[in-house]
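>>> dropping a prediction and its sequence here:
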Amino acid sequence: MNDIFISHSSKDRPWVSLLANALQADGYSVDWDKNHLTNENFAQVIQDTLDHCKCVITVWSTNSTESFWVKAETLGAMEQNQLIPVLCEHVIPPMPYASLATESLQSWNGDKSDLSYQHLLQTIRKFTQPEATLQAGKYIDNNDDTVTDCSTNLMWKKYSEGQSSITCGKGMVRQYTWENAINRFKQSSFAGYNDWRLPTIKELRSLTSCDRQVIAPRLATSLLRDQCSKPTINNNIFPNTAPTRYWTSSTFFNKEDHAWALHFDSGSDEESLKYYNASVRLVRNSERDDQGYIRLFNRSAG
């Protein structure tokens with residue numbers, strides 16, 4: 001079974017070839033050069049196509065809006081909740097597809113780092129990856145190197161900056177001064193989102209397994225050492241986390257040249273001079289309740 005079938009007009013072959021090559025380079029199996037037999041057996045051909053793919057990308061253009069085959073394939077994909085409509089030109093898809101949430105790639109030129117392409121990948125993962133399940137009582141692995149904490153409604157990168165891959169085993173954890181980290185990762189782009197940032201001290205603390213029934217900040221470091229289970233972060237959810245301090249965006253309340261940092265080896269936090277180096281794990285506010293998300297990704301909605 002292929003991951004993706006691309007329904008398109010043959011007149012758009014150069015652009016579709018660009019898209020297919022990019023998707024294949026990202027590890028997806030793509031069927032896009034299908035030769036239909038005759039109009040007499042179109043129903044069986046379409047059904048066979050849908051039965052042998054996980055999702056269908058319809059590429060809408062001036063040419064495809066006039067294509068009998070594209071409209072027939074798109075209808076079948078929509079009825080089976082497999083459809084991902086894409087615009088490669090500034091056109092309005094024919095009814096009833098004009099009202100569907102559609103990926104906009106009109107300006108895309110093949111750049112795989114482009115945010116519109118990354119957002120398309122995010123959409124594809126919802127169809128091709130296993131269904132998300134709750135882990136450790138509160139986490140959902142989004143299958144795109146991000147994890148959503150359902151207790152805080154925050155989305156985290158699985159790995160520290162400098163690491164890469166789903167296992168977080170490639171690359172080295174990099175360290176930054178506080179100012180460099182704030183500026184470098186302000187509205188950073190990843191996994192189809194462009195609003196990643198440094199967490200606050202409260203947000204970063206939520207990843208530890210420490211009992212924080214401590215009121216006085218000055219006492220927190222010494223008292224919490226005996227109140228944390230080791231390791232202090234779930235390594236199944238966040239593999240290969242460095243046992244070093246991690247920056248937060250929170251400036252220390254009475255020292256402008258200090259910021260809060262947290263050690264995942266001990267679970268303790270501290271005030272650190274902003275010119276010190278520390279690791280970074282990025283976060284963003286989750287949008288799991290957004291209506292556009294439900295309309296685009298909920299395959300059971302019909």
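Yes, it's here.

>>> and the residue most central in space within the chain, how far from L83?
Geometric centre of the chain, nearest residue: A191, 3.4 Å, by CA atoms, centre = their mean. Distance of A191 to L83, given as CB to CB, to the nearest Å: 22 Å. Bear in mind the C-beta positions are built from the backbone N, C-alpha and C, glycine included.

>>> with N153 instead?
28 Å.

>>> and what of V91?
17 Å.

>>> ok, T251 next?
47 Å.

>>> what does Y276 give?
Y276 is 51 Å from L83, by CB to CB.

>>> give me the more crowded residue out of those two.
L83 (22 against 15; other CB atoms under 10 Å).

>>> mind checking the end-to-end distance for stretch 96-105?
End-to-end span of stretch 96-105 (CA to CA, to the nearest Å): 20 Å.

>>> how about it: buried residues?
97, 102-103, 105 (16 or more other CB atoms under 10 Å).

>>> got CSV for those residues, with secondary structure and distance to Q163 too?
Shown next, in CSV, are the buried residues of stretch 96-105 (DSSP: H, G, I helix; E, B strand; the rest coil; distance: CB to CB, whole Å):
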residue, secondary structure, distance to Q163
Y97, helix, 40
T102, coil, 34
E103, strand, 28
L105, coil, 29
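
>>> between these, which sits nearest V59?
L105 (8.5 Å; CB to CB).

>>> now do the contacts for the closest one.
By CB atoms under 8 Å, 6 or more residues apart in numbering, the contact list for L105 reads 19, 86-88, 116-117, 120.

>>> just flag the most distant two among those.
For the contacts of L105, the farthest-apart pair by CB to CB is L87 and Y117; their separation is 12.9 Å.

>>> all strands for the stretch 201-302 of the chain, in order.
Here the stretch 201-302 of the chain has its strands, by DSSP state E, counting those that start in this stretch, at 208-210, 228-233, 245-251, 258-263, 269-273, 283-285.

>>> looking at those strands, which has the lowest confidence?
Lowest mean pLDDT within the strands of the stretch 201-302 of the chain: strand 228-233, at a mean of 72.

>>> you'd agree the residue nearest to the centre of the chain is up against T148?
No. A191 is not in contact with T148 according to CB atoms under 8 Å; the separation is 11.4 Å.

>>> list residues touching both of those two?
Joint contacts of A191 and T148 (CB under 8 Å, 6+ apart) are N142.

>>> which residue ranges of the protein form helices?
13-25, 42-51, 68-79, 115-128, 178-184, 201-205, 217-224, 291-297 (DSSP state H).

>>> dump the buried residues of stretch 96-105 to TSV, plus distance to K138 and pLDDT.
Shown next, in TSV, are the buried residues of stretch 96-105 (distance: CB to CB, whole Å; pLDDT from 0 to 100):
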residue	distance to K138	pLDDT
Y97	38	90
T102	33	92
E103	31	92
L105	35	95
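
>>> and of these, the nearest to I237?
E103 (29.3 Å).

>>> quick check: beta-bridge partners of that closest one?
V86 (DSSP bridges).

>>> that one and A242: what is the separation?
36 Å.

>>> S164 too?
Taking CB to CB, one finds S164 at 14 Å from A242.
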